[in-house]
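Student: Dropping the sequence and predicted coords here.
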Amino acid sequence: MNQHIQIPATAWQTAKQSHCIEDWQGLPYAEAENTYTHYLETWLKDSNAYTNTYFSRYFEWQGVCRESWFFKCIAEDMLQDQGVFITKLAHNDYVNETFPFQRIRCELNTAQVKQASFYILFRFFNADNGELVSGGYQQIVFANHQRRISRLPAAVLDKIHTYEVPLDVTVA
């Protein structure tokens, strides 16, 4: 006697797990082809009377790491003859304190890369002990010199894609 058992598709199909930018700590960074690493140092000028690093420095670090990545990995000319990069959104979460004379390791990736925009993801670590100290993201839009949104050159998009963290990941 043959009996047919109904097995729901969810039992045999691979699942998709979706992530969102706001959950930057939980993104699947290991899925990116490349991660850019940049080192910074904190100084007395970066801190208050209690020697805590000023919160504003974390945003400065995002800018320094973004420029370093773009110059060294994407386009040395920063696409100045074609247009400008506009930061549409910037977010930073403070996680742990930093103090003067510490080395900070920045890891940079991208997400949601589109024809004229993309997100840059930042994670900052204490370089000596690996502790996460801060992280966040920026949404970047490319515009022509008249400030109208424009497509990024295909070769530039290809390079940016190599740093992309996929937000939809197949889970076995």
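Tutor: Looks like it came in fine. Numbering: from 1, shown residues only.
Student: which ones are touching the residue nearest the centre of the chain?
Tutor: Ranked by distance to the mean C-alpha position of the chain (Cα atoms, centre = their mean), the top residue is Leu121 at 1.2 Å. Each residue near Leu121 by Cβ atoms under 8 Å, 6 or more residues apart in numbering is listed here: 21, 24, 27, 29, 108-111, 135-137, 165. C-beta: built from backbone N, CA, C; applies to glycine.
Student: longest helix of this structure?
Tutor: helix 55-69 (DSSP state H).
Student: which residues touch the helix or strand following that one?
Tutor: Next in sequence after helix 55-69, counting helices and strands by DSSP states H and E, comes strand 84-94. Outside of strand 84-94, the residues within contact range by Cβ under 8 Å, 6+ apart are 22, 24-25, 55, 58-59, 62, 70, 78-79, 117, 122, 133-145, 147.
Student: Equivalent analysis for stretch 136-143, please.
Tutor: So stretch 136-143 is contacted by 21, 24, 58, 62, 66, 79, 83-93, 111, 116-122, 149-152 (Cβ under 8 Å, 6+ apart).
Student: Can you mark which positions in it are buried?
Tutor: 136-143 (16 or more other Cβ atoms under 10 Å).
Student: and what of stretch 112-126?
Tutor: Buried, per 16+ other Cβ under 10 Å, within stretch 112-126: 112-113, 117-126.
Student: in which helix or strand would I find the closest residue to Tyr163 other than its chain neighbours?
Tutor: Distance criterion Cβ to Cβ, 6 or more residues apart in numbering; nearest residue to Tyr163, sequence neighbours excluded, is Thr110 at 4.5 Å. Assigning secondary structure by DSSP H and E places Thr110 in strand 103-111.
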